[in-house]
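Asker: Attaching a predicted model along with its sequence, questions to come.
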Amino acid sequence: MEFFMFFLVGFAGNIVGTLVGGAGLISLPIMLLMGIPVHSAIGANKVSNTVSSLSSFLVIFKSKEVSMKEAISVVVFCLGGGILGGLIASFLSGNILTIIAIILLSLAFVTSFLSKGNFDGTEQFKVTNKSGPALIGIGMYDGMFGPGSSTIALYLYASQKIAYIRAVGLARIGVFASCFGSAITYITAGKIIWPLTLALMLGAIVGAQFGVKLARKLKNEHIKPLLRLVTILLIVQMTVDFLK
């Protein structure tokens, strides 16, 4: 019964995570409510996200909607940021990490109203003086804490006038890069409860594939409102956790 429950959690979380980010809104709270230790819950998320994000990226890549050059650029910056974030996290308390998350998500929410980007462009991702540091920052945040990192990345790609399905592919490979190192850390530290993690991972893979199919059907005018809704929910959830 637990195996099936974790499969459903991974499935539902990664549909949302693929479309607009914020998979942690579903998976992490449910696992904690089920009595899974916090480090094991986070580790399970990192492992499942590493595999499911790569699987969904490959679907988009095979359709030639993202180029190898773009993917490598995102991987390099997010991986470097993820490593830095993991190192920094060891020096910061959980409360400080939560405050950083709330500030970053709030800034992303506000700037979404100022940016003219609306996922209706045809540009390819290019490393610039703004996008490069932004990706390092997103990778650092994901390495430090994580919730909402793909949501913030999607705001970045929208501002660069990148089409939605391309942005989803880039966000997914970015999650893979920044989660990979931290997943290895949790595995080597012995924090992984493997039967439940594998159930979560299988559900996440199926959910990510389903999410890619739904992403192709979403209309551009619906994407930013969905992003903003998820952003608000993430901010509320983390604010409540902080106040507790």
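Answerer: Cool, got the structure.
Asker: next one: phi and psi at G121?
Answerer: Dihedral pair for G121: phi -90, psi 180, per degrees, to the nearest 10.
Asker: Just give the number of residues close to it.
Answerer: Around G121 sit 19 other residues, with neighbours defined as other Cβ atoms under 10 Å. Where C-beta positions appear, they are placed from N, C-alpha and C, glycine not excepted.
Asker: do the same with the one 5 residues further on
Answerer: Using other Cβ under 10 Å, K126 has 12 other residues around it.
Asker: so who does D142 touch?
Answerer: Neighbour list for D142: C78, G81, G82, G85, S149, G174, V175, S178, C179, S182 [criterion: Cβ atoms under 8 Å, 6 or more residues apart in numbering].
Asker: One more: G146?
Answerer: If a contact means Cβ under 8 Å, 6+ apart, then G146 has G24, I42, N45, K46, C179 as its contacts.
Asker: Can you tell me which of the contacts of D142 end up in helices?
Answerer: C78, G81, G82, G85, S149, G174, V175, S178, C179, S182 (DSSP state H).
Asker: Please report which of those has the highest neighbour count.
Answerer: Among those, the one with the most neighbours (other Cβ under 10 Å) is S178, at 37 neighbours.
Asker: gap between the spatially closest residue to V47 that is not a sequence neighbour and L28?
Answerer: Leaving out its chain neighbours, the residue that sits closest to V47 by Cβ to Cβ, 6 or more residues apart in numbering is A183, at 4.8 Å. The gap separating A183 from L28 is 15 Å, by Cβ to Cβ, to the nearest Å.
Asker: Give me the local confidence score for the nearest residue to F180 once chain neighbours are set aside.
Answerer: Once flanking residues are discounted, F180 sits nearest to T50: 5.3 Å by Cβ to Cβ, 6+ apart. pLDDT for T50: 92.
Asker: any idea how far A23 is from M144?
Answerer: Between M144 and A23 the computed distance is 17 Å (Cβ to Cβ).
Asker: repeat for G203
Answerer: 11 Å.
Asker: try I88
Answerer: Applying Cβ to Cβ, the value for I88 to A23 is 23 Å.
Asker: Geometric centre of this protein: which residue is closest?
Answerer: Centroid check for the chain by Cα atoms, centre = their mean gives S150 as the closest residue, at 3.5 Å.
Asker: can I assume that residue is in contact with G169?
Answerer: No: in this structure S150 lies outside contact range of G169 using Cβ atoms under 8 Å: 11.4 Å.
Asker: one step back: could the ones in helices among the contacts of D142 be laid out in a markdown table, adding distance to G17 and pLDDT?
Answerer: Listed next are the ones in helices among the contacts of D142 as a markdown table, based on distance: Cβ to Cβ, whole Å; pLDDT from 0 to 100:
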| residue | distance to G17 | pLDDT |
| --- | --- | --- |
| C78 | 16 | 91 |
| G81 | 19 | 87 |
| G82 | 17 | 81 |
| G85 | 19 | 79 |
| S149 | 10 | 88 |
| G174 | 12 | 95 |
| V175 | 8 | 93 |
| S178 | 13 | 86 |
| C179 | 11 | 85 |
| S182 | 16 | 76 |
